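*Asks:* 3D, please:
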Amino acid sequence: MNNTQVNAIANKVYKNIAPRTVVSPVVTFSGAQQNELLGALPREVLESLFEHLELVQLPFGKEVFEFGNAMEYVHFPTTAIVSLLYVMEDGATTEIAVVGHEGVVGVSLFEGERAMCSAVVQAAGYGYRMKAEHLRAAFAKGGALPALLMRYNTALFAQMAQNAVGGRHSSIEQKLCRWLLDRLDRSPSNALKVTQEMIAIMLGVRRESITAAAGKLQDEGLITYRRGNITVLDRSGLEAYAGECYKVAKTEFDRLRLDVARC
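*Replies:* As a prediction, this is how the structure comes out:
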């Protein structure tokens, strides 16, 4: 299944929840702080970026960038959630990482000009975008910004590595638990709007496998599932079920947040 098909499913599932309000172009200190990386910067550093930051809507299914293309912008999500996807030549898609209000999409621009994966908005919301050239210029000045982004890059790499290991050695139930927990960490509630078909695409497995796994988790009282909606009832139970498939990356992001708090 290619990106066009993924986007078509996304539009069908989320067409009624995309934000419809007009976005103000004004960037405020409190608004920018909704992204944890921006919020961790010293006030004077953050305010120096205001002229280059733009508040934008990120509707579900929007392709932020595509594999192999030059990346013009980086995005700092506030309420949106973005999936980083690897797309095979035959169109098969697998999620390698997820980014929300804790991070930045496009940080790999520091290693090259072209995207090494595709990025697609999975939960509609908002974020701040900045031209890559401006972020590179700010990065070159040194100080708090490059130190923070490098620490985030380490945490993101840990998530990618754990997803790769989990994809090979974890059960379908563990993969599903990890996938749900990754969204909970970046969502305002324990209710997620998503179809089993979309989860199957993101995990690179058959839909029937997700149906069986979700049914097992529901039978054990960890989640409830109704068409297009999953509600987590027992987060600690999901974490125990997911095991290392989730714990390693979560520990790295918790360490990042602790470092951020000390900045």
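
*Asks:* next, the nearest residue to residue 224 once chain neighbours are set aside: phi, psi?
*Replies:* Among residues not flanking residue 224 along the chain, residue 231 sits closest, at 4.9 Å (C-beta to C-beta, 6 or more residues apart in numbering). The C-beta positions use only the backbone N, C-alpha and C, and glycine is treated the same way. Main-chain torsions, residue 231, degrees, to the nearest 10: phi -120, psi 130.

*Asks:* how about residue 229?
*Replies:* The phi/psi pair for residue 229 (degrees, to the nearest 10) reads phi -140, psi 130.

*Asks:* cool, and residue 239?
*Replies:* phi -60, psi -40.

*Asks:* kindly report the domain assignment for this protein.
*Replies:* Following the assignment in automatic domain parsing, the chain carries domains at 3-143, 167-251.

*Asks:* beta partners for residue 74?
*Replies:* Residue 74 has these beta-bridge partners by DSSP bridges: residue 130.

*Asks:* pretty sure it contacts residue 132?
*Replies:* Yes: the pair residue 74 / residue 132 is scored as a contact, 5.7 Å apart, by C-beta atoms under 8 Å.

*Asks:* the two - which one has more neighbours?
*Replies:* residue 74 (24 against 17; other C-beta atoms under 10 Å).

*Asks:* for that one, what are its contacts?
*Replies:* By C-beta atoms under 8 Å, 6 or more residues apart in numbering, residue 74 lies in contact with 104-107, 109, 129-130, 132, 135.

*Asks:* how about the contacts made by residue 103?
*Replies:* Residue 103 touches 36-37, 76-77, 152, 155-156, counting by C-beta under 8 Å, 6+ apart.

*Asks:* wait, residue 129 touches residue 56, no?
*Replies:* Yes: Residue 129 lies in contact with residue 56 (C-beta under 8 Å); the separation is 5.3 Å.

*Asks:* identify the contacts common to the two.
*Replies:* Counting by C-beta under 8 Å, 6+ apart, the residues touching both residue 129 and residue 56 are residue 75.

*Asks:* these two: who's more crowded?
*Replies:* Ranked by neighbour count (other C-beta under 10 Å), residue 129 and residue 56 place residue 129 first, with 20 against 16.

*Asks:* from residue 232, how far out is the more buried one?
*Replies:* The gap separating residue 129 from residue 232 is 30 Å, by C-beta to C-beta, to the nearest Å.

*Asks:* residue 196: which of the contacts of residue 74 is nearest?
*Replies:* Set against residue 196, the nearest of these by C-beta to C-beta is residue 105 (25.5 Å).

*Asks:* so the closest one bridges to which residues?
*Replies:* Residue 105 has the following beta-bridge partners by DSSP bridges: residue 75.

*Asks:* next one, pLDDT for the residue nearest to residue 224 please.
*Replies:* You'll see residue 231 listed with a pLDDT of 95.

*Asks:* what number of residues lie near it?
*Replies:* A count of nearby residues for residue 231, using other C-beta under 10 Å, gives 13.

*Asks:* and what of the one 3 residues further on?
*Replies:* Neighbours of residue 234 under the rule other C-beta under 10 Å: 15.

*Asks:* next: residue 167.
*Replies:* 17.

*Asks:* the chain should start at 674 in everything you say after this.
*Replies:* Shifting the count to begin at 674 puts that one at residue 840.

*Asks:* which stretches of this structure have low pLDDT?
*Replies:* Within the chain, the segments meeting pLDDT under 70 span 674-698, 781-786, 929-936.

*Asks:* repeat that for 80
*Replies:* Scanning the chain with the threshold set as pLDDT under 80 gives 674-699, 760-765, 780-787, 837-842, 917-918, 920-936.

*Asks:* surely residue 759 is in contact with residue 770?
*Replies:* No: the pair residue 759 / residue 770 is not scored as a contact, 9.8 Å apart, by C-beta under 8 Å.

*Asks:* who's more crowded, these two?
*Replies:* residue 770 (23 against 17).

*Asks:* report all helices and strands that the host helix or strand of that one contacts.
*Replies:* Element membership of residue 770, judged by DSSP states H and E, is strand 766-772. Packed against strand 766-772 by the contact rule (3 or more C-beta pairs under 8 Å, 6 or more residues apart in numbering; DSSP states H and E) you find strand 754-760, helix 817-842, helix 845-857, helix 869-876.
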